[in-house]
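Chemist: Got a predicted model here, sequence first, then my questions.
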Amino acid sequence: MEPASGEGDGSLNPYHKHHLLVSCQYVDQLLSDIENILTAASSKAAFPKYAVDIGPAQKKVVEDYMARIRAQMLRVIEGQGIERAAPRLGALHSIQTTLLFVENSLEELKPKYMRGYGRVPEAAVPELNGLVTELQGLVEKLRAYLAQDLGKDLQGRLARLEQTTGEIELLRTLERIITGHGLVEFRQALSIIVDRMEENSFEIALFGRVSSGKSSLLNHLLQSPVLPVGVTPITAVPTRIQHGSAPRLTVWFAGHAAERFSIEKLAEFADERRNPANSRNVTRILLELPSSRLPAGVVFVDTPGLGSLATAGAAETMAYLPRCDLACVLIDAGSTLTQEDLVTIRSLYEAAIPTFVLLSKADLLQAEDRAPVLQYIADHLTSDLGLRLAVHPVSVVGEHTVMLGRFLEQELLPLYAQQQTLARQSLRRKIGSLREGVEAALRVRLERATTRPPGDGQRARHVETALRRATGKIEEARLLCDKQADEVSELARPALERAASAIVEAGMAKDAPDSDFAGHVTEALTHASAEPAAAIYQALEKLSRSLARALDQAAQALDLKDAPSEKELAAGLKEMPRLDLGMLRLDLRPAFRFAVGKRMAHNRVARRLRAQIGAQVQQAFHSYGRLLEAWANRTLAELRSRFDSHADAYRAQLERLIGKGGVSERDREAIQQDLEALAQSAPAGQVPVLTPQDARP
């Protein structure tokens, strides 16, 4: 048999080549396994697989020989003209896929899935639930970070910005310190700053509760009804609006490239009714318009409503705070100042974001009532937050638009001419805030390492466990609320029985009008629904107290004074839905005819009620149960978001306190050197810091 190629030229036939390639690939994989062993032997894995019994010199020899083996294999393959296939899998995609398996594995740690291994002690349930929730939260944040490409090639991006600002060296130092000391809590803030530097824009973000008029105000400002308006909240994605040569909508999605659409499609992505719970996985929305009110470099941002049905949107809105350069907080004149508004304004102030406070829908107030309301809001901002801010009335209705025009002409539009200066100041504030945060984290780590009293590490572990147990109680509360909501759906028949008893107990009045009967029925049905609703509210109220105590305990252990009060934490415990029975049409008088005694009258009335309104009441209770379930889950998500916004920072500091063996002498020296480097690389001049009096732009 003749070979597929001649032997004289030393070339192999296709089968030889395939075997050679596959064998070299297998050897390369085995060498990669050895690399993994070397890495694992010196890694910081929680459950190490290998003992550290190989020295640095031995490791270097192994690596050198593996490099020679690989190089020689490649020379042979190339000499035979064998092509190497390009990698088929992206590292980023593979990591994201692996994180899905991590989430699934963590889910199986919940007590309800561990019952097959034996009864789980009740005392251990909160900590197990809390552990799963904490870890899944970290995985979720990592997945979100990877999906947005935040921090990708950060050093390269900084190099491209070399000529943009004098703070580049400080950012380089911050990036090195954050990476070197594992200060992951500052990673996103650093990436946001670099993003803002690359964009070279001045962002004005609008914040406010659902239906506070943000979208309507922007539509009026842009002189185009492009943003969806209404009482339904938009999704969990802020909509950015900037100048463009032609109307254009660009939407980014998790997992695949951005797509362009006509601007009429905006509601499909930004309206909760068209994109419920962000089911389309939108990560970013950019709307470009050729509006004269949109000068180049100025970007408006319409954020999701706070205190909204779209809790994820509210969380995204709060996460957007560090990005913007100027904020407008809209307070609805129909509901005046709320705790949600105060939290938003305080958060903006703490982030050193200049803020305008606007009384939206001011047309709802009589002219003589506006001044007292404006003064009332301004007084509360001073007494509750220590801020002296002017409050501007605005409206987009008819002749009242003159108020909005006055604000635009006198306050907002003049800032356009200063956008570059204001953006520069905003950027310096952001960098200064990040620098202070990193410096504080290093100082805490250094001071605790050198002055930590005996038992302090044990106290930190106790506090960390308390935070984990508090997190676990969120899951317990959710299960209880779901159970109560399910019970509401099954209450229709017993509630009608209660209504029948109420009517009979009212005196079996044969001549009573139908309106009286309807009143008794409505009262009885409402009372029946109120019991599980009250249980849900009380469970959430109890949970908010537990979460507030855990945060306060952690703050005290860390010598911090920023823990939220129970009132601040439970700001979402309001606007609870109520049972809607609709119009009840009753004719119960025939039920009393020939009735002998209350028992017979009750049975007849109950039958008449079931026949006349049974289906209506059944549907009303079923709908109310689902409404309560949705409300409870949204409130829990908002409560958890408020809790985690503080707990995550506390956990990061506690983790550094608890660290095995404390901080070595070498690490202490490194921390001290980095603190000195931060001091030396501070930009010339002081970073602008807003005082309460300066908070107004």
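Modeler: Yep, that arrived.
Chemist: would you put the C-alpha positions of stretch 604-618 in CSV?
Modeler: Below are the C-alpha coordinates for stretch 604-618, written out as CSV (Å, rounded to 0.1, in the frame of the first residue of the first chain):
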residue,chain,number,x,y,z
ARG,A,604,-79.6,30.7,53.4
VAL,A,605,-77.7,34.0,53.4
ALA,A,606,-74.4,32.1,52.8
ARG,A,607,-75.9,30.3,49.8
ARG,A,608,-77.3,33.5,48.4
LEU,A,609,-73.9,35.2,48.8
ARG,A,610,-72.1,32.4,47.1
ALA,A,611,-74.5,32.4,44.3
GLN,A,612,-74.6,36.1,43.7
ILE,A,613,-71.0,37.2,44.4
GLY,A,614,-69.1,34.0,45.1
ALA,A,615,-67.1,34.1,41.8
GLN,A,616,-66.4,37.8,42.2
VAL,A,617,-65.2,37.5,45.7
GLN,A,618,-63.1,34.4,44.8
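Chemist: now that stretch: mean pLDDT?
Modeler: Here stretch 604-618 scores 83 as its mean pLDDT.
Chemist: Only the buried residues of that stretch, if you could.
Modeler: Within stretch 604-618, the residues that count as buried by 16 or more other CB atoms under 10 Å are 604-606, 608-610, 612-614, 617-618. Glycine gets a C-beta too; all of them are placed from N, C-alpha and C.
Chemist: Following the chain onward from the helix or strand where Gln419 lies, which element is next?
Modeler: Gln419 belongs to helix 419-451 when assigned by DSSP states H and E. Per DSSP H and E, helix 419-451 leads on to helix 456-489 as the next helix or strand towards the C-terminus.
Chemist: That next one to helix 419-451, inter-axis angle?
Modeler: Here helix 456-489 runs at an angle of 120 degrees relative to helix 419-451 (axes from the mean of the first three to the mean of the last three CA atoms, to 10 degrees).
Chemist: So for helix 456-489, mean pLDDT?
Modeler: Mean predicted lDDT for helix 456-489 stands at 84.
Chemist: now for that helix, which elements pack on it?
Modeler: With contacts taken as 3 or more CB pairs under 8 Å, 6 or more residues apart in numbering; DSSP states H and E, helix 456-489 sits against helix 125-147, helix 514-557, helix 597-658.
Chemist: Out of those, which gets nearest to Ser426?
Modeler: For Ser426, the closest of those is helix 597-658, at 21.8 Å, according to CB to CB.
Chemist: By mean pLDDT, flag the weakest helix or strand of the chain.
Modeler: helix 311-320 (a mean of 47; mean pLDDT, DSSP states H and E).
Chemist: What's the first helix or strand after it?
Modeler: Downstream of helix 311-320 (by DSSP H and E), the next one is strand 326-332.
Chemist: Beta-bridge partners for Pro393, please?
Modeler: Leu359 (DSSP bridges).
Chemist: neighbours around it, how many?
Modeler: Per other CB atoms under 10 Å, the neighbour tally for Pro393 reads 21.
Chemist: Assess the claim that it and Asp369 are in contact.
Modeler: No: if you go by CB atoms under 8 Å, Pro393 and Asp369 don't touch, sitting 10.6 Å apart.
Chemist: State the pLDDT value of the closest residue to Glu268 other than its chain neighbours.
Modeler: Nearest residue to Glu268, sequence neighbours excluded (CB to CB, 6 or more residues apart in numbering): Arg274, at 4.8 Å. Confidence at Arg274, expressed as pLDDT, is 75.
Chemist: follow-up on the earlier one: now do the buried residues in the helix holding Gln419.
Modeler: Buried residues in helix 419-451, defined by neighbour count with 16+ other CB under 10 Å: 419, 422-435, 437-439, 441-442, 444-446, 448-449.
Chemist: cool, stretch 283-292 as well?
Modeler: 283-289, 291.
Chemist: for stretch 83-103, same thing?
Modeler: In stretch 83-103, counting by 16+ other CB under 10 Å, buried: Gln96.
Chemist: Would you mind writing the CA trace of it as PDB?
Modeler: Taking Å, rounded to 0.1, in the frame of the first residue of the first chain, the C-alpha atoms of stretch 83-103 are listed here in PDB:
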ATOM      1  CA  GLU A  83      -2.300  24.300  11.500                       C
ATOM      2  CA  ARG A  84      -3.300  24.900  15.100                       C
ATOM      3  CA  ALA A  85      -7.000  25.700  15.600                       C
ATOM      4  CA  ALA A  86      -7.800  29.000  17.300                       C
ATOM      5  CA  PRO A  87      -9.400  28.700  20.800                       C
ATOM      6  CA  ARG A  88     -13.100  28.100  20.500                       C
ATOM      7  CA  LEU A  89     -14.100  29.200  24.000                       C
ATOM      8  CA  GLY A  90     -13.700  32.700  25.400                       C
ATOM      9  CA  ALA A  91     -12.300  32.900  29.000                       C
ATOM     10  CA  LEU A  92     -15.000  35.500  30.000                       C
ATOM     11  CA  HIS A  93     -17.800  33.300  28.700                       C
ATOM     12  CA  SER A  94     -16.400  30.200  30.400                       C
ATOM     13  CA  ILE A  95     -16.100  32.100  33.700                       C
ATOM     14  CA  GLN A  96     -19.700  33.400  33.500                       C
ATOM     15  CA  THR A  97     -20.900  29.800  32.700                       C
ATOM     16  CA  THR A  98     -19.000  28.400  35.600                       C
ATOM     17  CA  LEU A  99     -20.500  31.000  37.900                       C
ATOM     18  CA  LEU A 100     -24.000  29.700  37.000                       C
ATOM     19  CA  PHE A 101     -22.900  26.300  38.300                       C
ATOM     20  CA  VAL A 102     -21.500  28.100  41.400                       C
ATOM     21  CA  GLU A 103     -24.900  29.700  42.000                       C
END
